[in-house]
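**Student:** Generate a structure from the sequence data that follows.
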Amino acid sequence: MDTSLIGLDFTPEINMARYLQKIRRYSLLSQEEEYALAVKYKETQDKAVAYKLITSHLRLVVKVVLKYKGYGLPLNEMISEGNIGLIYAINKFEPDKGFRFSTYALWWIKASVQKYILNAWSLVKLGTTAAQKKLFFNLRKIKNNLQLTDDRELSTEILNDIASYLDVSVQEVTDMNTRLKAHDGSLNAVVNNDDSEGGAEWMDFIYDNKPNQEDQLAYREITTYRRRLFRQAITVLNPREKDILYKRRMSEENITLDDLSRVYNISKERVRQIELNSIRKISKAIETMQ
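**Tutor:** The predicted structure follows:
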């Protein structure tokens, strides 16, 4: 569904008071009215019906968004994301399952707003697991309730209590607390203002452990040389030795000594001896070629 259906683009030019005044014009729906409209929309996909459902729940979006205002993100953007979640809810809602649309829409609105916060609050992705998302959206609230408003480290007792309450590990609480206290910085920021570093940026001090072109070329040449030596050296082995060495050391399958002992009708110890002797013969052949 096109988001322009809402007809209320909440831009920075429209402040919160004006926006609230505007959406109050839309009356709330009773449970019976919600159900009737939801059934009609599911049957007809009538945009006018969807518009009435959406506009009657815009205040619900604002109510959800205000709970997340402590994250320092623009309210207008969070409300826009919440409105998108509201539209998704209309398309997914099944009125015959017995739930109110407002109850169902609440989940979609929160999910949409939380996704925006996780993506926008930090340049570094935060909530990749359910536990991390739970921590991100509850740790700040818990710390506020405990009046832990400064950036001091949490005591072991408090860490254990929070971990137990949220059903996560103490390490996860510690990591998220450290992450929330930190601030993102640009890799292009100047390290200091004096002339000792010549205006160096943080990017200049990042070590790249990937091999350079010269190293890659040298590695390929050495690898090619070693393979050529091995192909020449393996010719000193007879067919049985080649087969045992290949199946024991170069095959992706798990070939056991017992398997080969049955194939060649010899003992497992004899198979092992042939394998080791083959390796010695190849090593000796390579030494003579270098």
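**Student:** Now do the helices in this protein.
**Tutor:** For the chain, the helices defined by DSSP state H occupy 16-23, 31-44, 47-55, 58-66, 75-92, 101-120, 130-145, 156-166, 170-181, 213-233, 239-245, 257-264, 268-289.
**Student:** for the last one, which positions count as buried?
**Tutor:** So the one you mean is helix 268-289. Of all the residues in helix 268-289, those buried under the rule 16 or more other CB atoms under 10 Å are Val271, Ile274, Glu275, Ser278, Lys281, Ile282, Ala285, Ile286. Where C-beta positions appear, they are placed from N, C-alpha and C, glycine not excepted.
**Student:** Now do the contacts for the fifth one.
**Tutor:** Lys281 sits next to Val236, Leu237, Glu241 when contact means CB atoms under 8 Å, 6 or more residues apart in numbering.
**Student:** For the first one, give its distance to Ser278.
**Tutor:** Meaning Val236. Val236 is 9 Å from Ser278, where distance means CB to CB, to the nearest Å.
**Student:** what bits of the stretch 51-200 of the chain have low per-residue confidence?
**Tutor:** Scanning the stretch 51-200 of the chain for pLDDT under 70 picks out the ranges 121-134, 137, 147-153, 178-200.
**Student:** returning to what we had before: looking at the buried residues of helix 268-289, which is nearest Thr174?
**Tutor:** Glu275 (50.0 Å; CB to CB).
**Student:** from what I can see that closest one touches Lys247, true?
**Tutor:** No - using CB atoms under 8 Å, Glu275 is not in contact with Lys247; the gap is 9.3 Å.
**Student:** Based on its surroundings, how many neighbours for Asp96?
**Tutor:** 9 (other CB atoms under 10 Å).
**Student:** begin at 5 from here
**Tutor:** I'll keep to 5 as the first residue from here, and by that count the last item is Asp100.
**Student:** For Ser255, which of the helices of the chain is the nearest?
**Tutor:** Using CB to CB, the helices of the chain put helix 243-249 closest to Ser255, at 9.8 Å.
**Student:** residues making contact with the closest one?
**Tutor:** With contact meaning CB under 8 Å, 6+ apart, helix 243-249 is reached by Ile238, Leu241, Leu264, Tyr268, Val275, Ile278, Glu279, Asn281, Ser282, Ile283, Lys285, Ile286.
**Student:** so what's the third one up against?
**Tutor:** To tie it back to what came earlier, the one meant is Leu264. Leu264 neighbours (CB under 8 Å, 6+ apart): Ile248, Lys251, Arg252, Lys272, Val275.
**Student:** What is the burial count for the first one?
**Tutor:** So the one you mean is Ile248. Neighbour count for Ile248, taken as other CB under 10 Å: 25.
**Student:** Could you measure from it over to Leu233?
**Tutor:** 21 Å.
**Student:** likewise Lys26?
**Tutor:** 80 Å.
**Student:** How about Gly86?
**Tutor:** Using CB to CB, Gly86 is found at 67 Å from Leu233.
**Student:** coming back round to it: of Lys26 and Leu233, who's got more company?
**Tutor:** It is Leu233, of Lys26 and Leu233, that has more neighbours when counted by other CB under 10 Å, with 16 against 13.
**Student:** Surely that one touches Met293?
**Tutor:** Yes - between Leu233 and Met293 there is a contact under CB under 8 Å: 5.9 Å.
**Student:** can you list the contacts of Leu264 in a markdown table and add distance to Leu90?
**Tutor:** Output for the contacts of Leu264, formatted as a markdown table (distance: CB to CB, whole Å):
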| residue | distance to Leu90 |
| --- | --- |
| Ile248 | 69 |
| Lys251 | 63 |
| Arg252 | 64 |
| Lys272 | 70 |
| Val275 | 70 |
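**Student:** State the pair within these that is farthest apart.
**Tutor:** The span of the contacts of Leu264, defined through CB to CB, is set by Lys251 and Lys272 at 13.6 Å.
**Student:** okay, the buried residues of helix 272-293 in JSON lines with pLDDT and distance to Phe105 next?
**Tutor:** Formatted as JSON lines, these follow (pLDDT from 0 to 100; distance: CB to CB, whole Å):
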{"residue": "Val275", "pLDDT": "89", "distance to Phe105": "72"}
{"residue": "Ile278", "pLDDT": "91", "distance to Phe105": "76"}
{"residue": "Glu279", "pLDDT": "88", "distance to Phe105": "71"}
{"residue": "Ser282", "pLDDT": "88", "distance to Phe105": "74"}
{"residue": "Lys285", "pLDDT": "88", "distance to Phe105": "79"}
{"residue": "Ile286", "pLDDT": "87", "distance to Phe105": "75"}
{"residue": "Ala289", "pLDDT": "84", "distance to Phe105": "79"}
{"residue": "Ile290", "pLDDT": "83", "distance to Phe105": "76"}
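**Student:** Great, nothing more from me.
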